[in-house]
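Student: Mind folding the following:
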Amino acid sequence: MRLRRQPENCPTEAARRRAGAALAWLGMTLLVLAGCTNTLHIKHDLLPSSRSQAMVSSWPLTVGVYVAPQARGFEAKAGLWRLPAGPVMAHDFEWAVRQMFDRVVSLEEPPRPGTMRPGLSGALSLEAVQYDPFLYNSADPGALDNAGLRYHLRLANAQGETMDEWSLRSAEMLWDAQDSSTVSLIQSQGTGFAYMMRNLIAEMMVRFDARPTVRAWLDAQGATGRLEPALRATAPASTAPQRILVLPDLDRWLHTDASRPLQCLGRTLGQLGQHLELLPASVVRLDFYPWLEPSTGPRTADSLHRWFKSPAIQTHARALGIRHMLVFTGATDTDISRGGILCGAGYGGGGCVGFAWGERNTAFRVNLLRDVFDGKDVDVVSETTGAVLVPAFGLPIPIIAATESTACRRLRRALTEALASP
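Tutor: Here you go, the predicted model:
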């Protein structure tokens with residue numbers, strides 16, 4: 001699967017993120033103007049702790065878990081809203097630690113020398129939480145990049161001595177503004193916080209033993225293995241229809257309802273009399289948690305292939321009916337650079353006169369991994385160019401060729417043939 005970057009004329013990532021941020025704040029403003037309460041709440045069903053177990057192995061250790069009062073009582077505030085997030089963060093953090101280790105003991109006091117309970121190999125603490133909101137009217141060009149949620153973590157050894165301290169940060173905007181529907185971008189701050197929290201917890205779990213001090217501590221305790229994908233219960237036999245998993249841009253792994261690829265390709269593709277359902281990755285991310293979050297998702301085709309070779313991943317994918325995967329990229333570029341139109345206005349009225357023309361080019365590409373268990377990559381490209389005419393006799397009236405519908409029709413036909421080929 002060869003990944004293609006977006007053409008240079010596509011909106012930049014910063015522009016897409018700013019558009020998403022603007023729509024999110026628009027949603028909040030509408031809620032306030034409508035008289036809704038400005039005390040918000042985390043959307044629990046988006047959190048991994050809403051599921052009973054994560055899809056990870058665990059280290060055979062007994063550790064303590066501690067959440068400091070600042071973190072447990074944390075409340076985010078910005079503008080006209082407040083969000084008491086601390087209790088939910090504490091629950092989610094403790095849940096994650098329980099997934100990582102065989103036995104976990106909740107601590108009432110911070111792990112310090114002389115206060116550690118006997119029998120613990122160490123303790124992991126959530127020391128503090130910091131939130132930097134994005135203010136849409138900020139004059140700082142780096143305001144969006146600096147906005148987000150930050151966790152400050154601490155690892156103590158069996159004696160209560162600090163072994164390591166570090167911070168994890170999640171960007172605030174984790175929803176793809178380009179590939180999603182406009183409606184999906186108008187989200188409450190509680191939804192945004194849920195995405196940031198699960199992104200941070202996923203990074204903590206997957207990258208925990210990548211820190212040299214942490215790895216040395218694990219090795220000293222005899223926990224020499226790594227945190228790997230694992231099923232803690234027997235996967236049910238698949239009753240789901242055959243599906244094609246629609247992946248986001250692997251460079252970023254932002255959440256999306258996959259509105260753009262679904263509008264182009266449809267919700268099903270035909271294959272030898274069967275109809276394969278197109279399934280957006282965000283629908284099943286929690287089923288594979290913590291491996292498909294923005295902070296942990298495979299960044300290249302090779303790493304995606306390696307991840308999918310895990311027996312646990314393959315077993316779970318079969319249970320969900322996932323048979324193929326695809327990445328949809330591309331854009332439409334309109335260039336009206338020839339001719340000209342003059343407009344004017346006066347006391348008696350106004351209008352335009354002239355004629356302009358140009359081209360509209362649509363280029364879509366699908367990187368298809370056919371049969372994720374034992375298949376091969378297929379690149380399918382569809383490009384269409386058409387004319388754009390803008391006559392102006394009073395008002396400009398653009399006449400635009402339907403390049404997107406043509407490109408999508410060709411792409412869908414080529415994908416159906418690729419899926420049916422031996």
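Student: Could you find the closest non-adjacent residue to residue 399?
Tutor: Nearest residue to residue 399 in three dimensions, chain neighbours excluded: residue 389, at 4.4 Å (CB to CB, 6 or more residues apart in numbering). Where C-beta positions appear, they are placed from N, C-alpha and C, glycine not excepted.
Student: Now do the helices in the stretch 151-300 of the chain.
Tutor: Counting by DSSP state H, counting those that start in this stretch, one finds helices in the stretch 151-300 of the chain at the ranges 182-185, 189-207, 212-220, 259-265, 281-284.
Student: coming back round to it: where's the residue nearest to residue 399, which helix or strand?
Tutor: Assigned by DSSP states H and E, residue 389 falls within strand 376-394.
Student: how near is the residue nearest to residue 399 to residue 359?
Tutor: For residue 389, the distance to residue 359 under the criterion CB to CB, to the nearest Å works out to 11 Å.
Student: now do residue 74
Tutor: From residue 74 across to residue 359, the span is 53 Å (CB to CB).
Student: returning to that earlier point: partner strands of the next helix or strand after the strand holding residue 389, parallel or antiparallel?
Tutor: The helix or strand immediately downstream of strand 376-394 is strand 399-400, counting by DSSP H and E. Strand 399-400 has these partner strands in its sheet, going by DSSP bridges: strand 376-394 (antiparallel).
Student: And the strand it pairs with, what's buried?
Tutor: With burial defined by 16 or more other CB atoms under 10 Å, the residues of strand 376-394 counted as buried are 378, 380, 382, 384, 386, 388, 390, 391, 392.
Student: Stretch 149-157 too?
Tutor: Counting neighbours by 16+ other CB under 10 Å, stretch 149-157 gives 149, 151, 152, 153, 154, 155, 156, 157 as buried.
Student: need the strands for the stretch 101-250 of the chain, in chain order.
Tutor: Using DSSP state E, counting those that start in this stretch, the strands of the stretch 101-250 of the chain run over 101-106, 122-132, 148-157, 162-171, 243-247.
Student: what residues are up against the residue nearest to residue 399?
Tutor: By CB atoms under 8 Å, 6 or more residues apart in numbering, the contact set of residue 389 is 355, 356, 357, 398, 399.
Student: Tell me if the first one really is in a strand.
Tutor: Yes: going by DSSP: H, G, I helix; E, B strand; the rest coil, the assignment for residue 355 places it inside a strand.
Student: Number of residues surrounding the residue nearest to residue 54 when sequence neighbours are not counted?
Tutor: Of all residues not flanking residue 54 in the chain, residue 99 sits nearest, at 4.1 Å (CB to CB, 6+ apart). Close neighbours of residue 99, defined as other CB atoms under 10 Å, add up to 21.
Student: For residue 99, grab phi and psi.
Tutor: For residue 99, the backbone dihedrals (degrees, to the nearest 10) come out as phi -80, psi -30.
Student: my guess is it meets residue 59, correct?
Tutor: No: here residue 99 does not reach residue 59: they are 10.4 Å apart, not a contact under CB atoms under 8 Å.
Student: May I see the buried residues of the strand ranked longest in the chain?
Tutor: Taking DSSP state E as the criterion, the chain has its longest strand at strand 322-346. Residues of strand 322-346 classed as buried under the neighbour-count rule (16+ other CB under 10 Å) are 322-332, 334, 336.
Student: and what of stretch 110-124?
Tutor: When burial is assessed from 16+ other CB under 10 Å, stretch 110-124 yields the following buried residues: 110, 111, 116, 120, 121, 122, 123, 124.
Student: quick one, domains of this structure?
Tutor: Per the record, the chain has its domains at 13-220, 250-422, by automatic domain parsing.
Student: Residue 229: which of those domains is closest?
Tutor: When the domains of the chain are ranked by proximity to residue 229, the top entry is domain 250-422, at 4.4 Å, counting by CB to CB.
Student: If we go by neighbour counts, what in stretch 83-100 is buried?
Tutor: Going by neighbour count (16+ other CB under 10 Å), the buried part of stretch 83-100 is 83, 85-86, 88-100.
Student: So among these, where is pLDDT lowest?
Tutor: When it comes to pLDDT, residue 83 is the least confident member of these, at 91.
Student: Can you verify my assumption that it contacts residue 89?
Tutor: No: with contacts defined as CB under 8 Å, residue 83 does not count as touching residue 89, sitting 10.7 Å away.
Student: and residue 231, which of the domains of the chain is closest to it?
Tutor: Within the domains of the chain, the stretch nearest residue 231 is domain 250-422; the backing value is 4.8 Å (CB to CB).
Student: From the chain's centre, how far out is the closest one? Work that out for me.
Tutor: On the basis of CA atoms, centre = their mean, to the nearest Å, domain 250-422 is displaced by 17 Å from the centre of the chain it belongs to.
Student: what's the residue of the chain positioned farthest from its centre sitting at in phi/psi?
Tutor: In terms of distance from the mean C-alpha position of the chain, residue 348 ranks first, at 54.0 Å (CA atoms, centre = their mean). Main-chain torsions, residue 348, degrees, to the nearest 10: phi -90, psi 0.
Student: Can you check what pLDDT the model gives it?
Tutor: Looking at residue 348, its pLDDT stands at 75.
Student: where's it relative to residue 287, distance?
Tutor: Summarising the geometry, the distance separating residue 348 from residue 287, computed by CB to CB, is 66 Å.
Student: Then residue 42?
Tutor: Residue 42 is 20 Å from residue 287, where distance means CB to CB.
Student: Comparing these two, which shows the higher neighbour count?
Tutor: Neighbours per residue (other CB under 10 Å) separate residue 42 from residue 287, with residue 42 holding more: 24 against 15.
Student: residues contacting the more buried one?
Tutor: Under the criterion of CB under 8 Å, 6+ apart, the contact list for residue 42 reads 83, 85, 88, 190, 193, 194, 197.
Student: I figured the second one hits residue 75, correct?
Tutor: Yes: contact between residue 85 and residue 75 holds when scored by CB under 8 Å: they sit 6.8 Å apart.
Student: Tell me the backbone dihedrals of the closest residue to residue 132 other than its chain neighbours, please.
Tutor: Using CB to CB, 6+ apart and skipping the chain neighbours, the partner closest in space to residue 132 is residue 147 (5.3 Å). Comment: the main-chain dihedrals of residue 147 come out as phi -70, psi 140, following degrees, to the nearest 10.
Student: List the residues that contact residue 147.
Tutor: Listed by CB under 8 Å, 6+ apart, the contact partners of residue 147 are 21, 132, 133, 134, 171, 172, 173.
Student: returning to that earlier point: now the domains of the chain as TSV including distance to residue 228?
Tutor: Shown next, in TSV, are the domains of the chain (distance: least, CB to CB, whole Å):
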stretch	distance to residue 228
domain 13-220	5
domain 250-422	7
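Student: Right, I'll call it a day here.
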